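1. what follows is a protein structure lacking sequence information:
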Ligand SMILES: Nc1ncnc2c1ncn2[C@@H]1O[C@H](COP(=O)(O)OP(=O)(O)OP(=O)(O)O)[C@@H](O)[C@H]1O
């Protein structure tokens, strides 16, 4: 039993614990939190700068950020603290007085920023490229897209990792004691250690350990909570759609509602397009060759063809998500190459295969965002317009849902409402049903057919031959970067001329 008593005296000397408790609370806890919080705040600010430098296209920014990160992540924390705290002690005393805190905080911040910069950088780079594409298609500049969508999304994703970094700073703050703390500025560890010398046992240090756990354990639970919250999103409206059956029912009901509502809706200010000898290459790979295509106002043009024939690339040239190498495209007689891309994209909207909705915004916010931020529409008016657009696509009741709570078909209809809200003259649809479950395809195609009937100029890259035959005014067949045949659907599907189109139809029909 002797060893048990020994252990008890070493670790559980209640009197020693009770005597150290008030100092621990009043001095240690306060100072530890000051050290950890200030170094985390400075670390976050520096880290954000490092992250932006780290993803910059300029090597002059990227390389210094890399070197900084390698140094401060590679050195042991205690070495950095001693080098900064003692190396700059003289200057520190002249500027800040006798307290070693400012230099300690600086050292902790430099270390933290190297980690936080990497956390931010990976967060920002983990945002899908489609998000930036959607921003650009909504006529945002690169800077606006980064500021409004990509960086906030990246930062949200790494919030849990940032809380972990704060926990790291709480623990690393104990190293500042190596710089020799004033009595009034001792942090948790130093108080525990000093008192352990007085009492001759480890109980005050165990107490210090308990204090660290009191700070860090609840924080790890906060991390989990934040993580869950961010993943699920906040549900603003009352009803939560659950179960496949319900989603399926809503899908068909809402789709037909959109058709009914559509008939009464006003016509669009449809534009014309004239594609003239367009060439485009990715490096040495010639992807578009001498493309010529005329699109009359208020008509639907479907582009069909085998995979890799250049359909998507042609579409992307039309709103300059990629730049053609030669040729021109006239929008209502005006060269799109002479326009600012952002200006062009207000007039030529786009809907993507993978929707590219902004996941941290509700359906309504997705539709409103470009109106308020890019077009400068007043919030109340933008809200009314966005609600009307969502009603048009049959999703008025889902306006407060985030994309993750919507079915694929509903998400795609929100994406169509988002494109419509900009009042474009032309909308480009890039295989918008390819990523949908078969039972959801019909609702989206019905909506598109409805838009076509109401006079929207639409260019639709599609594998849905039934849709092309029924809805298109003209169908263009592409192969190996060329438009091989173009004409009314009846000619293309029933009287194909070229052997290549005949072969393609034989394969897909
Ligand atoms: N960003 C890119 N960089 C390099 N090559 C690319 C890029 N995007 C597409 N390509 C190439 O350009 C060619 C045309 O691609 P595109 O996506 O336009 O074809 P598609 O007809 O739309 O095909 P799919 O029906 O499979 O989507 C393909 O050979 C493709 O590999």
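-> Sure, I can see it. Quick caveat: nothing in here was measured; it's all calculated off a predicted structure.
2. could you list the low-pLDDT ranges of the stretch 51-200 of the chain?
-> Nowhere does the stretch 51-200 of the chain drop to pLDDT under 70.
3. ok, now the chain?
-> Ranges of the chain meeting pLDDT under 70: 1, 230-266.
4. who in it is up against the ligand?
-> 282, 285, 287, 305, 307, 308, 309, 310, 311, 312, 313 (C-beta under 6 Å from any ligand atom). Where C-beta positions appear, they are placed from N, C-alpha and C, glycine not excepted.
5. put the buried members of the residues you listed into a PyMOL selection.
-> Per 16 or more other C-beta atoms under 10 Å, the buried members of these correspond to this PyMOL selection:
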select buried, resi 287+305+309+310+311+312+313
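6. would JSON lines of the residues of the chain next to the ligand with secondary structure and distance to residue 356 be doable?
-> JSON lines is the format used below for those (DSSP: H, G, I helix; E, B strand; the rest coil; distance: C-beta to C-beta, whole Å):
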{"residue": "282", "secondary structure": "strand", "distance to residue 356": "21"}
{"residue": "285", "secondary structure": "strand", "distance to residue 356": "25"}
{"residue": "287", "secondary structure": "strand", "distance to residue 356": "22"}
{"residue": "305", "secondary structure": "coil", "distance to residue 356": "23"}
{"residue": "307", "secondary structure": "coil", "distance to residue 356": "21"}
{"residue": "308", "secondary structure": "coil", "distance to residue 356": "22"}
{"residue": "309", "secondary structure": "coil", "distance to residue 356": "23"}
{"residue": "310", "secondary structure": "coil", "distance to residue 356": "21"}
{"residue": "311", "secondary structure": "helix", "distance to residue 356": "18"}
{"residue": "312", "secondary structure": "helix", "distance to residue 356": "14"}
{"residue": "313", "secondary structure": "helix", "distance to residue 356": "18"}
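7. tell me how many other residues crowd the residue of the stretch 1-150 of the chain found nearest the ligand.
-> Minimum separation of the stretch 1-150 of the chain from the ligand (C-beta to the nearest ligand atom) falls at residue 129, amounting to 9.8 Å. Counted by other C-beta atoms under 10 Å, the residues lying close to residue 129 total 10.
8. also residue 130?
-> Residues near residue 130, counting by other C-beta under 10 Å: 15.
9. what about it, which SS state?
-> helix (DSSP: H, G, I helix; E, B strand; the rest coil).
10. so how far is the helix or strand where residue 60 lies off the chain centroid?
-> Assigned by DSSP states H and E, residue 60 falls within helix 59-74. Computed by C-alpha atoms, centre = their mean, to the nearest Å, the separation of helix 59-74 from the middle of its chain amounts to 25 Å.
11. which stretches of the stretch 301-450 of the chain form helices?
-> Assigned by DSSP state H, counting those that start in this stretch, the stretch 301-450 of the chain shows helices spanning 311-318, 341-347, 363-370, 379-392, 408-421, 438-453.
12. looking at these, which is nearest to residue 167?
-> Of all those, helix 363-370 sits nearest to residue 167, with 32.6 Å by C-beta to C-beta.
13. okay, angle between the closest one and helix 408-421 too, please.
-> 30 degrees (axes from the mean of the first three to the mean of the last three C-alpha atoms, to 10 degrees).
14. by how many degrees do helix 363-370 and helix 379-392 diverge?
-> Using the same axes, to 10 degrees: helix 363-370 against helix 379-392 is 130 degrees.
15. coming back round to it: ok now the next helix or strand after the helix holding residue 60, how far from the chain's centre?
-> Downstream of helix 59-74, the next assigned helix or strand under DSSP H and E is helix 77-87. On the basis of C-alpha atoms, centre = their mean, the separation between the geometric centre of helix 77-87 and that of its chain is 38 Å.
16. and the helix or strand following helix 77-87, what does it pack against?
-> On the C-terminal side of helix 77-87, the closest following helix or strand by DSSP H and E is helix 89-96. Here helix 89-96 touches helix 101-125, going by 3 or more C-beta pairs under 8 Å, 6 or more residues apart in numbering; DSSP states H and E.
17. hmm, back to that, neighbouring contacts of the helix holding residue 60?
-> 50, 52-56, 80, 110-111, 113-115, 117-118 (C-beta atoms under 8 Å, 6 or more residues apart in numbering).
18. I'm done for today, thanks for sticking with me.
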